[in-house]
Structures are given as structure tokens and as C-alpha cells.
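Chemist: Next come a sequence and a model predicted from it.
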Amino acid sequence: MKSSWVRRAGVCLVASALAAVALAACGGSSDESGPPELTFFVAIQPGGTIEEVSKRCSEESKGKYTITPEFLPTDASQQREQLVRRLGAEDSSIDIIGMDVIWTGEFANAGWVEEWTGADKKAVTDKVFPNVIETASYEDKLYAAPFNTNTQLLWYRKDLVKQPPKTWDEMIEQAEGLKEAGSIQVQASRYEGYMVFVNALIESAGTEILSGPEEVDLEQGPTEQALAVIGKLANGGAAPPSLSTSDEDSARLAFEAGESAFMTNYTFAYASAQEEAPDIGKEMGYARFPQVDEGKPSKPPLGGFNLAVSSYSKNKDVAFEAATCLSNKTSQKTAVELDGLPPSRSDLYTDKTVTKAYPGFAQLVKESIEESGPRPTTPAYQDVSLAVQRALHPPDKIDASDTESIYDELKSKVEDAVKREGLL
Amino acid sequence: MTVNAPANPNPPEAAPAKASSRTRSEHKLAWMLCAPAVLAMLLVTAYPIAYAIILSLQDVDLRFPDEGGFVGLSNYSAVLSSDLWWTDIFNTVFIMLISVSIELVLGMAIALVMHRAIFGRGVVRTSVLIPYGIITVVAAFAWQFAFSPETGFVNNLPLISDEMDWFGGRFSSFAVIIMAEVWKTTPFMALLLLAGLVTIDSQLYEAAKVDGASAWQRFTRITLPLMKPAILVALLFRTLDAFRVFDTIFVMTRGALDTESVSILGYNQLISRLNLGLGSAVSVLIFLCVFLIAFVFVKGFGAKVEEGRPGG
């Protein structure tokens, strides 16, 4: 366990050291002759996907361009902070941006990324899940080429649980029945991962946080039903001891240590368990993200990265071409092969690389993406996410039997947030 | 007024109303010698402060480049009317008071030890200073790992529950944050106090001993009163520093569970939300708080920064 933490910290350090070197190196030397050098700012992937696709596309361009990846930290908020500071200052050293699905509204509205049109648009959206195209679009215009997507499944222990639960209530009941071994791992630290969790529950309950960039929806009945699930989980016997500080990695670690019977987490958890804890890994079952309202199909979380072209790039034409290559079918196969990242093209889910990475559950991943409930698209996304995190954290402050006051707090905070008012 | 003092260390005994041409040229020289420093100060401190004040009166959001304009004091009223601001002020002051108090007591003890060390003085002083030399973020990660229920050793210690989730509660988080702060900055306190300690004439202690004063009496009647200027300066520096606490909390809790400090609040508005108007208002208010603390120390308690400085 320790080594994994140390490794992560190490990766962070190396990444920031690289960024520092790059900063020092990026002064001058841009007007040398030769093919334009495109800088690709993107989150680091430990399996080496980014290096591999950058190298391949540079070679395939036959001297038209070379792509240099520039790695951002693993933490999503820190990735964004580094990017927005550069984009806010109109930094021309960024050409291609690995854009998290939740940044589209903000980046597009601020005029930081270019719109995709015509043949390029057609090429990069071909056979891509409609849900994913929506995460790359703002006000019906496409701003990025979908690359990888991601979704959460319910992972459970086949040796402890006979039949995977259909609903959250059922799961909490089963977990409480298992006593010691029965905790449920989710992501409930105060960070973006908690927003992912809350949004999936609210969407599954049948409403949504926003119905437009500035329109708050949050229908009272379903929202309270979703909040009750959080309260019931957090205040009952199924909550792990460090629920309020849990993230994807701590959830995975606790599951691999055999401390939990259930976990909602991204697809990386499966490969990780096979490698780090084979005994638990072989008992690892999978099912769809549970329902909030019995009978109403759940809407699992949707993540992933889309590739955008910076408005301040000096080589936009070739940058579009490069981003098209970086996100094409071959690149998506590389991502699933090296890093287990689900492709955004729906036609790849019967491909050998995908079925090998997701043995037995490739179709479940596909279905989960198709029916996912994406997080809201709005230029003020950061404010909305902070507001939701502030209103509902720590999770055990939610009283499952009386959710009205917490609902009012959530709604008023989100209403202020879309108007970008007040402190957050 | 203080500017020309060092340039004129030996004022003429009889100061006539008319300054001689020599003093005048010395004044001029003093100003010219100070000018580069004054310019640099204006450039790196006055300009950003003035710019922050201007931003705080506007509605500026980098994400909405086309919107905005002058809004008067509405950013300030938004901050001051928010519960969050006052909660964060409480958190900051709480952490500041407790950590500085502990640092003062520990720092004094360490200063006495460093002062008394007969052999290996260099080794003792260097080893005490090591925590202060470690980067705050690194130290914060080290302590976070130590207290984490999954990776840490702290929960394996006797008398501590194995299940204790230190960062799962407000005051247990404060305890770890304060401990990390104390560990990191006590050496600084000790060093400032040591500087005050060495200025005390050892004959005073000898005289007191002859008069039959006990060790405790010598400490309270001689050491403390004579060290008052040094103590006040040490407290002033550490209080100002502690009020701006950021790194440790950011690494350990990111401000969750009501452990946020005002600096993190400012960071959230400025860096995360890119709301420069609101964020600058927070920054200016933090600046005013810091100013107020310094004012209370200097005017209220009579701290004299020049006298208490190491070697001063």
C-alpha cells in the first residue's frame, strides 16, 4: 500500500519537475525552421498512452508536425488550475489541450478553445457515443475531439455477495448485514470526485442539477431521495471509517485490502486489483451503478478527456490535424491497451483490445456510458461544483429522515453559484 | 524619519537651526543610496497592493472576459456578509493562537538549551534548525502520511485507536495541522529568542545568585523582563506568519470539514474560480487583518522591531 502512495507522490514530483524544466525551456527557440512543434498539455497517464500516441502521430504526419506532450498533475483540480492560468494570460505555447469533460463550457465561453467544424468535426465524432459528444459541446457547437471516456461500475465481492444489489437501499441493507466486512466504498472527500458521486445519484433519481448553463433544476422530490441515500450510507453501518476523506485511490486500496464488500469506482479498479491483490481480484464481481429509485434505470457517472485546440496556438491548422490523429481509432485502442481507458467510439467495444482489457464486462461498460448522466455543462461549472461540495460535505451531516433543510441549502447555494455570487 | 538615521550616525553635538551644507549633502546622499531600494519596494509591493485594491472594486472574472466593470464595495459586502468568511477567520485565529502559544513555550525551552549547551553547540543548533529548513509542503505530506489510517504509523502507537480517522473531524484535523506547524516553525521562534537571550549580561545572574535567588526566580525576574523586546518581536513575526497559514491545510484537508483558513478562501476565489474581484477583496481584507495584528503588537504591546532583531 505504501509503495503505491510513494509512487504516486513520486509521479507528481517528476511531473512538476518536468513542468518546471519545460517552463524554463519554453522561452525563445520557437522560430527555428522545420516542422512546427505542437505542445500537447494533458494529464499524465501512468501506462504511457500519451507518449505512445504523440510519437505515432508525429511519425504518421511525415514531417508536417511533431507533438511534444507536456504533462499536468494527476489531480483534476490542479490540472485545470495550471491550464486556466496560462490560458487566462493568452499563452501561445499551448497548442492542444487534454480537456476534462467538465471544462468545456468554461473554456468555450471564455474563448480559449477553437470550434470544430466541417470535415474535421465529422471525422472526430464518427461513431462516438452521443453522451460523450455532448460533453465536448457547448451551446450546440463542438469544441473538442472525444478521446477517452470513463464510467463507474459497481464492484462487489462474489464470495460475500450472492446477487449484486439493484438499488442503493438494497446494497446498504446487504452491507449492513455483512457487519465488519460489509462496508461500501465511494468517493466522498471534499473534491470533484464527491461531485461525481452526488451528480450520479441526483441524475439516477430522475432530475438534474442544471437544465441549462444558468438554469437550476433540482426537482425537490427526486433530489431529496438522492440526498437520503447519501445520509443513509454515511450514518449507517455500511460507511467505512474514513468515508469523508475517501477518493478513488483510497477506495481501491480499502477494497483490495479486503475491508469492503462493495465499491463504486472507475474501470481502472479491476486491473489494479488483479495486479495488486489477486486473491481479492479473482472474487471481484461487477454490475451496473445501482438505482436510487427502484425500477428507474440508474445514470452512471461519465468522465474522460476530449482534445481541444487552443485559440492562442500559432499553428491551429496543423493542431486540428494532430488532435484528429491523437483521438482516432488507433489512438483510442492504445489508450485502452496501455492504460485501460474506455474508448469514446462505440464501435470499439467488440474489438479484441477492449474485450481483453474488460474481460466479460466490455458490454456493461458500453451500456453504462450510453446511459450515463453527465455532470452539468456551464461556464460557471467550478462554482457549481464547489457549491455542491460545500453544501453536502461531510456526507454524514445529511439526515436521511429529514432532507428538506439540506435540500434548501443545496438549492440556494447552487442558485448563487450559477450567478457566480458569494464566497465559495 | 528612520530613513536618514543610519546615514547620520554621529549627529553634531550642538544642533543649530540651520543645517550645515555637509549635513545637507549627507541627506541627499542618503536619499540617493536608498532610492533603488525604495523603487524596488514600490515596484514589488506597492504596485501589486494597489492593483489588488483596484481589482477588488471591480467585477472581474477571467472566465467571462467580456463582462464586468466597477462595482464599488459590493465585493467587500459579499465577503463580510458571508458565514464562510467568519468561520474561516475563526479557524485561522484558532490555529494561530494555539500554535504560536505552543511555539513560544517550546521555543523558549529550546533557546535556553541552545544557550546553555557547553559542548557541541554547533551540532545542537544545526539539528534544532533542520525542521525549519524543510519545505512546508514536504513536511505537510510527511505528517499527513504519518497520520493517515491507511499508511501511517501514528494509529499503531499505544493509546491511539487503530481506526482513528484524523482528517475525518474538524478538531482532530486542527490537532494535526497545529502539530505540523509547531514542528516546523518552533526552530524559528527559538532562534529569535536565543538572539535575545545572548544579550543578557551574565553578571546579573551572578549577582542574583549571590542574593540567593532560585533558578525560577532568576528566570522570571531577570530573563523574562530583559527578553521582552525579543519575545514580542518573535511573537509578532510568528503571528503574522501563522495568520497566513496555507500549505499545511491545503495538503492535509484542502479546507474540508471547516478547517479552511482565510488564505485558502482567497485561493479558491482567485485560482479556482478565477473571480479576481471577489478574490482580491478577500486578499485586501487579509492584508488589513495582518496590518491590524502588527499595529496591535507595535502600538499596544510596544514591540520594537529594530531593537529586538537578532544582533540588534
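Modeler: Sure, I can see it.
Chemist: So in chain A, which strand runs the longest?
Modeler: strand A:145-157 (DSSP state E).
Chemist: which sections of the stretch 201-312 of chain B are below the confidence cut-off?
Modeler: B:303-312 (pLDDT under 70).
Chemist: swap that for chain A, please
Modeler: In chain A (pLDDT under 70), the answer is A:1-33.
Chemist: ok, the residue of it found nearest chain B - contacts?
Modeler: Using C-beta to the nearest C-beta, the closest approach of chain A to chain B is made by A:R190 at 3.6 Å. All C-beta atoms are positioned from the backbone trio N, CA, C, and that covers glycine. Residues near A:R190 by C-beta atoms under 8 Å, 6 or more residues apart in numbering or on different chains: A:S244, A:Q389, A:R390, A:H393, A:P394, B:R254, B:G255, B:A256, B:L257.
Chemist: Give me the neighbour count for the closest residue to B:Y267 other than its chain neighbours.
Modeler: Excluding the flanking residues, the one nearest B:Y267 by C-beta to C-beta, 6 or more residues apart in numbering or on different chains is B:F246, at 7.1 Å. The number of residues packed near B:F246 is 16, by other C-beta atoms under 10 Å in any protein chain shown.
Chemist: any idea how far B:F246 is from B:Y76?
Modeler: 22 Å (C-beta to C-beta, to the nearest Å).
Chemist: ok, the residue positioned nearest the centre of chain A - contacts?
Modeler: By C-alpha atoms, centre = their mean, chain A has its centre lying nearest to A:G303, at 2.9 Å. Shown in contact with A:G303 (C-beta under 8 Å, 6+ apart): A:D100, A:V101, A:T149, A:N150, A:T151, A:V196, A:Y266.
Chemist: Could I get those in TSV, plus columns for neighbour count and distance to chain B?
Modeler: Shown next, in TSV, are the contacts of A:G303 (neighbours: other C-beta atoms under 10 Å in any protein chain shown; distance: C-beta to the nearest C-beta, whole Å):
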residue	neighbour count	distance to chain B
A:D100	22	14
A:V101	23	17
A:T149	27	25
A:N150	22	22
A:T151	25	25
A:V196	24	16
A:Y266	24	19
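Chemist: list the contacts for the residue of chain B found nearest chain A?
Modeler: Closest residue of chain B to chain A, C-beta to the nearest C-beta: B:A256 (3.6 Å). Counting by C-beta under 8 Å, 6+ apart, B:A256 makes contact with A:S189, A:R190, A:S244, A:T245, A:H393, A:P394, B:F167.
Chemist: would B:P149 count as being in a helix?
Modeler: No - counting by DSSP: H, G, I helix; E, B strand; the rest coil, B:P149 is not part of a helix but coil.
Chemist: buried sites along the helix or strand containing B:C34?
Modeler: According to DSSP states H and E, B:C34 maps onto helix B:21-41. In terms of neighbour count (16 or more other C-beta atoms under 10 Å in any protein chain shown), helix B:21-41 has its buried residues at B:T23, B:A30.
Chemist: Next, the angle from the helix or strand following it to helix B:21-41.
Modeler: Counting by DSSP H and E, the next helix or strand C-terminal to helix B:21-41 is helix B:47-56. In terms of direction (axes from the mean of the first three to the mean of the last three C-alpha atoms, to 10 degrees), helix B:47-56 departs from helix B:21-41 by 50 degrees.
Chemist: what comes into contact with helix B:47-56?
Modeler: With C-beta under 8 Å, 6+ apart as the test, helix B:47-56 has contacts from B:N75, B:Y76, B:L276, B:G277, B:S280, B:A281, B:S283, B:V284, B:F287.
Chemist: out of the residues you listed, which are buried?
Modeler: Among the contacts of helix B:47-56, those classed as buried by 16+ other C-beta under 10 Å are B:N75, B:Y76, B:L276, B:G277, B:S280, B:A281, B:S283, B:V284.
Chemist: Chain B contacts on the stretch 201-350 of chain A?
Modeler: A:P241, A:S242, A:L243, A:S244, A:T245, A:S250, A:L253, A:A254 (C-beta under 8 Å from any C-beta of the partner chain).
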